[in-house]
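Q: Quick one: sequence and predicted model below, then my questions.
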Amino acid sequence: MISLVSGGAGFIGSHLCDFLISQEHQVICLDNLITGHLENIRSLLENPAFQFINTDITQPLPTSLPKVDWIFHLASPASPNTYIKYSFQTIFANTQGTYQLLEYARQNQCKFLFASTSEIYGSPLVHPQPESYWGNVHSYGPRACYDESKRLGESLIYEFISKFNVDARIIRIFNTYGPRLNESDGRVVSNFIVQALKSIPISIYGDGSQTRSFCYISDLISGIWAAMRLPKTQGEIFNLGNPTEISIKNFAQLVLKLVENTQSKIIFKPLPIDDPICRKPDIAKANRQLNWEPSCALEKGLIHTIQWYKSRVS
Ligand code: UDP
C-alpha cells in the first residue's frame, strides 16, 4: 500500500507518517517546510519505505509521483499565528492544493482524506458542535483565510464526489496537542508549557473564560486511520477531537500544576479578533460509525507533552 501525505513534515502529518510506516505502508511525504520541519521526520528519512519531497502542492505536482493508493491532504498552516502570517499560502493550499490533489485522486482512483477543521464552525452558536452544524464564521477577518479556505476545500470534496465519484472523506480536527507541536507557532498548549518551563508569565488572552477541548495526538491518528480505512466512509464528515471541555484559565492552572517548580504567574492580554468563545466536538458520529473515541486523558497527555518540551527548552 502506498500513501501520500501532504503536509507530512508538520505536527499531525509527521505522526501520521510514523503511524503509516508502522502499518507497513510506503509513504510519500510532500511538504514545502514553511510551517513543517525536517526535524519532525528525521527518524524516517533513512527508511527505504519513506520518501520526502520538498514541494508546494499549489504548484504542479512532481512528475515523478508514482500511483498511490491513499492520499491524506493535511498541508496547510494550522495555528492562528501561522495562518495569519502565511494567509495567501493558507488560502491556496486549501483550495488550489486541494483541487490538484483531488484531480490526481480522480485520475489515479485513489482514496482521499481531507483534513478540515473545527474552525469551519467559527464562533459556534450550537454547543457542542455536531457535523450537521453549518457554523458561524466571519468571512472578513484575520481568521477567514483559514476558516473559509477549509470550507471551500470541503466544497471541492463535495464536487469531486458528486461529479466524479472520487472516494473521498472529510475529517474536522479539533484542537490537538502532543510532542512536535511547534513551540513558536503561538498555540495555547505550546505557549503555556514553554512559558511555565521558562518561568516567564503565562499569557491568557481575554479573561480566560473561553473554552477549548484538547485531543492527544495518538487519539487523533487512530481516528484518521479509521476514517480512511473503514468501508462506507465515502462522502462522510467526521469530527475528531476530545469532548472534554476546559476553560483557558483552568487550562493555564493545570499546566502550572503539572510543570514542577515553575515560578510563572498568569497575566492577561487582549483577546485576538474573532477568537471563538467555546469549542467542543460532538463525536457521536465518529463513535458510531468508526467505533472511535479518544482514550488519553488531558492530564496524562500533558505530562507526556511537557516531558518532550523539557528536552528542548533550556
Ligand atoms: N490563547 C491564550 N494564550 C496564548 C495562546 C492562546 O489565552 O498564549 C487562547 C486563544 O485566545 C484561544 C485559545 O487559547 O482562545 C486557543 O488558542 P490556539 O491558538 O491554541 O488555537 P485556536 O483554538 O484559537 O485555533
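A: Nice, thanks for sending it over. Everything numeric here is computed off the predicted structure, so don't read it as measured data. Residues are numbered from 1 along each chain as shown.
Q: And the helices in the chain?
A: Taking DSSP state H as the test, the helices found in the chain are 11-22, 38-41, 80-85, 87-94, 96-108, 144-164, 188-198, 217-229, 248-258, 284-290, 298-310.
Q: Can you check which of those helices gets nearest to the ligand?
A: Closest of those to the ligand is helix 188-198, at 3.4 Å (criterion: C-beta to the nearest ligand atom). C-beta coordinates here come from the backbone N, C-alpha and C atoms, glycine included.
Q: What is that closest one packed up against?
A: Judged by 3 or more C-beta pairs under 8 Å, 6 or more residues apart in numbering; DSSP states H and E, helix 188-198 is in contact with strand 202-205, helix 248-258, helix 298-310.
Q: For that helix, give the mean pLDDT please.
A: Per-residue pLDDT over helix 188-198 has a mean of 98.
Q: wait, does that helix contact the ligand?
A: Yes. Helix 188-198 comes into contact with the ligand (C-beta under 6 Å from any ligand atom), by way of 188, 191.
Q: and the angle for that helix with helix 298-310?
A: 60 degrees (axes from the mean of the first three to the mean of the last three C-alpha atoms, to 10 degrees).
Q: still on that earlier bit, got the helices of the chain as JSON lines, with mean neighbour count columns?
A: Shown next, in JSON lines, are these (neighbours: other C-beta atoms under 10 Å):
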{"stretch": "helix 11-22", "mean neighbour count": "22"}
{"stretch": "helix 38-41", "mean neighbour count": "18"}
{"stretch": "helix 80-85", "mean neighbour count": "20"}
{"stretch": "helix 87-94", "mean neighbour count": "22"}
{"stretch": "helix 96-108", "mean neighbour count": "20"}
{"stretch": "helix 144-164", "mean neighbour count": "19"}
{"stretch": "helix 188-198", "mean neighbour count": "21"}
{"stretch": "helix 217-229", "mean neighbour count": "20"}
{"stretch": "helix 248-258", "mean neighbour count": "18"}
{"stretch": "helix 284-290", "mean neighbour count": "17"}
{"stretch": "helix 298-310", "mean neighbour count": "16"}
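Q: can you redo the ones you listed as a markdown table with distance to residue 211?
A: Below are the helices of the chain laid out as a markdown table (distance: least, C-beta to C-beta, whole Å):
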| stretch | distance to residue 211 |
| --- | --- |
| helix 11-22 | 22 |
| helix 38-41 | 29 |
| helix 80-85 | 16 |
| helix 87-94 | 25 |
| helix 96-108 | 30 |
| helix 144-164 | 18 |
| helix 188-198 | 11 |
| helix 217-229 | 19 |
| helix 248-258 | 7 |
| helix 284-290 | 19 |
| helix 298-310 | 13 |
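Q: Looking at those helices, which is nearest to residue 175?
A: Nearest to residue 175 among those is helix 188-198; the distance by C-beta to C-beta comes to 7.7 Å.
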